[in-house]
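[1] Here you go, sequence then predicted model.
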Amino acid sequence: MLAIVIPFYKLLFFEETLKSLAKQTDKRFKVYIGDDASPQKCSDLLDSYKDKFDFLYKRFENNLGKNSLTQHWSRCISLSKDEEWLIILGDDDVLGENIVEEFYKQYHDFNIETNVIRYSSFFIDEKGSQISKRFTFDKEESAIDSFLNHFLELTRSSMSEYIFSRKSYNESNFTNYPLAWYSDDKAWLDFSKCKTIYSINDASVSIRISSENISGKTDNIQLKKLARWQFCKDIVSQKFSFFNKDQKKKFLFRYGILQVEFDNIVLKQVFFIWIAFLKIGSIYDSFRYLRRIIKALKK
């Protein structure tokens, strides 16, 4: 069976999320809602959905998400039972009505082959209107290619459109970065063991963009920069053995460009990337990277 886990905090768009669960054409799922000591009461709203799908609601009295969002995700997952597969669904995102149906329809195609499944997706605004094209993916894609395409901004990715196996979660758990920024990207590499991600393009998840969520806010830039630095260090130290040389160079150059774009050139980080280039034998590229940084500093 499938567990849909919702770390709840914001009420504003929550009913749209619940409606999408009630509209599922296949009801073989259970929802687990973990309330992160929200000041916004959702119990009355949940009462109106008691007969529409199976769910368990738990209010936690301490707000864990303000310090560690990934730990709140984990305690929400701990509410679930023995379901083999898990989704962490944002409290403002919306599932297409055939998400669960397509999961079971294609189950035998991916069950043995992978630990991570991804749906097509598109952005919606605060009114629920679609504001982007629908993003689709190759049916089977290496986790490294999937990650790099997102990191290089060739495609997109966020938590709600992924399903992952409980077994892979128990083996790896989430890496705790500030704001959980990049924690999901790291999870798909960890959970998949850098192997294959299976994509379902016959159903879509709507990802909401608003000033109310972490992605849309602009008052958390420094924490996002810190998370990016920690994440990139972990990629180099933990995952580079899965990258080929060309992939390593693409990753390092993009990280260097991000430093310039975000006006975040720090000597320690420059030295880290330069040494990483040298370790993969890219001496020319290491000095090309330094020239780019020097040019940016002069500006």
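    Received the coordinates, thanks. Residues are numbered from 1 along each chain as shown.
[2] In the record's domain split, what are the boundaries for the chain?
    Listed domain ranges for the chain are 2-208, 221-298 (source: automatic domain parsing).
[3] Buried deepest among those, which one?
    domain 2-208 (a mean of 18; mean count of other Cβ atoms under 10 Å). The way it works is simple: take the backbone N, C-alpha and C, and place the C-beta from them, glycine included.
[4] What's the end-to-end length of that domain?
    In domain 2-208, first residue to last residue: 23 Å (Cα to Cα, to the nearest Å).
[5] before we move on, back to that, let's have the domains of the chain in TSV, adding mean pLDDT.
    Compiled in TSV, these are given as follows (pLDDT from 0 to 100):
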stretch	mean pLDDT
domain 2-208	96
domain 221-298	88
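[6] which residue packs closest to K239, ignoring adjacent ones?
    Residue nearest to K239 in three dimensions, not counting chain neighbours: L189, with 5.8 Å by Cβ to Cβ, 6 or more residues apart in numbering.
[7] whoops, I mixed them up, Y198
    F110 (4.0 Å).
[8] for F123, same thing?
    Nearest non-adjacent residue to F123 (Cβ to Cβ, 6+ apart): S132, at 3.9 Å.
[9] a helix runs through the one you found, doesn't it?
    No: counting by DSSP: H, G, I helix; E, B strand; the rest coil, S132 falls outside a helix, being coil.
[10] Can you give me the distance of it to Y119?
    Between S132 and Y119 the distance is 15 Å, computed by Cβ to Cβ, to the nearest Å.
[11] One more: W85?
    13 Å.
[12] shared neighbours, the two?
    I163 (Cβ atoms under 8 Å, 6 or more residues apart in numbering).
[13] Wait, I88 touches P7, no?
    Yes: I88 is within contact range of P7, at 6.8 Å (criterion: Cβ atoms under 8 Å).
[14] Quick check: neighbours shared by the two?
    By Cβ under 8 Å, 6+ apart, the residues touching both I88 and P7 are 73, 76.
[15] Identify all contacting residues around stretch 75-90.
    Against stretch 75-90 from outside (Cβ under 8 Å, 6+ apart): 1-7, 17, 30, 32-34, 56, 58, 60, 64, 73, 95, 103, 117, 158-160, 162-167, 169, 207-208, 213.
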